[in-house]
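Enquirer: return a 3D structure for these sequence lines:
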Amino acid sequence: MVASVLLLGACTTIQLEPLPEGLTDQPPADWSERSEQLKRFNAWQLSGKLAVKQPSDSGTAIINHWIQERDAYDLELSSSFLGMGRTSLQGVPGFISLTLPDGETYRSGDPEALIQAATGWQLPIDSLVWWIRGLPGPDGDFRLLFDDSSQLAMIRQQGWEIRYDRWQSFITGYPELPARITAVKDDKRVRMVVTRWQETTEQDR
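Expert: You can find the predicted model right below:
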């Protein structure tokens with residue numbers, strides 16, 4: 001009886017969702033080298049667009065800039081949606097400072113909760129720092145799925161499914177970077193389109 005219970009428990013812990021058609025969870029031969037190179041790519045600036053769709057609120061925003069310097073980020077959004085105007089998010093993993101168009105600044109040790117309270121959007125900012133480069137975040141289990149051209153097609157992590165819709169060569173000397181990603185969790189969706197991406201240097205900062 002005990003053996004059968006243990007066997008049942010073992011079976012239930014290893015069940016995985018079926019693979020989407022045309023995708024594999026076997027990484028290409030160069031994945032380890034590629035991912036290490038992207039991890040070292042930790043000082044950059046991008047601009048583009050952000051769209052959020054969820055049951056309570058939906059809207060779009062312009063990403064004026066997203067400046068990343070190792071763990072620290074400076075993200076500035078502009079949107080007429082919900083009167084957000086020009087909103088600034090600055091922080092590091094586990095801490096955020098959010099400044100609204102009227103100059104009011106709020107700080108929190110729970111970045112996702114503060115963003116949701118201020119804008120109504122569920123934006124997993126600490127994980128997006130990794131996902132936007134085509135990497136799984138350091139927290140929580142994950143599953144990587146690749147397409148038939150050996151390109152990363154999807155990351156499943158923290159209940160989110162991050163789909164890589166388009167890749168592009170933005171920076172010489174680095175692998176292709178995501179040009180459009182869609183993150184889906186239940187009935188929530190976050191889409192980012194990157195129009196410009198560059199590596200930054202000491203002079204730039």
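Enquirer: so where does the nearest residue to residue 165 once chain neighbours are set aside fall, helix or strand?
Expert: Counting by C-beta to C-beta, 6 or more residues apart in numbering, residue 180 is the residue found nearest to residue 165 once chain neighbours are left out, at 4.3 Å. Backbone N, C-alpha and C define where each C-beta goes, glycine included. For residue 180, the enclosing helix or strand under DSSP states H and E is strand 177-185.
Enquirer: tell me the mean pLDDT over that strand?
Expert: Averaged across strand 177-185, pLDDT comes to 95.
Enquirer: again, but for stretch 150-157
Expert: Rounded mean pLDDT across stretch 150-157 is 95.
Enquirer: just checking: what are the partner strands of the strand or helix carrying residue 66?
Expert: For residue 66, the host element (DSSP H and E) is strand 58-69. Here strand 58-69 is paired, per DSSP bridges, with strand 43-53 (antiparallel), strand 72-79 (antiparallel).
Enquirer: what's the angle between the longest one and strand 177-185?
Expert: Taking axes from the mean of the first three to the mean of the last three C-alpha atoms, to 10 degrees, one finds that strand 43-53 is oriented at 40 degrees with respect to strand 177-185.
Enquirer: how far off centre is strand 43-53?
Expert: Offset of strand 43-53 from its chain centre (C-alpha atoms, centre = their mean, to the nearest Å): 10 Å.
Enquirer: residues in contact with it: which ones?
Expert: 58-70, 77, 121-123, 132, 188-201, 204-205 (C-beta atoms under 8 Å, 6 or more residues apart in numbering).
Enquirer: related to what we said a few turns ago, among the strands paired with strand 58-69, which is nearest residue 155?
Expert: Nearest of the strands paired with strand 58-69 to residue 155, taken as C-beta to C-beta: strand 43-53 at 18.2 Å.
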